[in-house]
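# Okay, sequence plus prediction incoming.
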Amino acid sequence: MSKSPTLFFSAIVPLIAGLSVATSSNAQSTTSDEAYCQALSKKFFTNDGGTVAPGGGSTVPLDASVAISQCKDNPGSAIPVLEKVLRENGVALPRRT
């Protein structure tokens, strides 16, 4: 009877350790995506708080505006939109770390 608990613990401990590692690496990736998304978003704003649309306009395109608002909660879907708008308007993208 003492083999059952030992077998159970020897099977469950590696599983818990693996989940811990997977969760922490996913959190790090999300943080990295969020930081990059914020760096992309900054390309649409001036230092004095005004907006700068790519190409010299004064209004941020609607799709970029929506993507900027999604940077915190859903950076994975916001990043491609922001990159596309910036590239189409000849704006250099920031380095991704």
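Looks like it came in fine.
# Low-confidence bits of the protein, can you list those?
Along the chain, segments meeting pLDDT under 70 span 1-30, 46-58.
# ranges for the helices of it?
When assigned using DSSP state H, the helices of the chain occupy the ranges 3-42, 62-70, 75-88.
# what does the last one contact?
Contacts of helix 75-88 from elsewhere in the structure, counted by CB atoms under 8 Å, 6 or more residues apart in numbering, are 30, 33-34, 36-37, 40-41, 43, 54, 61, 63-64, 66-68, 70-71, 92-93. Placement of C-beta: from N, CA and C, glycine included.
# what's around residue 62, how many residues?
For residue 62, the tally of surrounding residues (other CB atoms under 10 Å) stands at 8.
# Pretty sure residue 72 sits against residue 33.
No. Assessed by CB atoms under 8 Å, residue 72 is found out of contact with residue 33, at 10.5 Å.
# Who has more neighbours out of the two?
Using other CB under 10 Å as the criterion, residue 72 and residue 33 rank with residue 33 on top: 17 against 11.
# where's the more buried one relative to residue 64, distance?
Applying CB to CB, to the nearest Å, the value for residue 33 to residue 64 is 17 Å.
# Same question for residue 37.
In terms of CB to CB, residue 37 sits 12 Å off from residue 64.
# Ok, residue 82 next?
In terms of CB to CB, residue 82 sits 6 Å off from residue 64.
# What is the neighbour count of the closest residue to residue 35 other than its chain neighbours?
Once flanking residues are discounted, residue 35 sits nearest to residue 97: 7.2 Å by CB to CB, 6 or more residues apart in numbering. By other CB under 10 Å, 7 other residues sit near residue 97.
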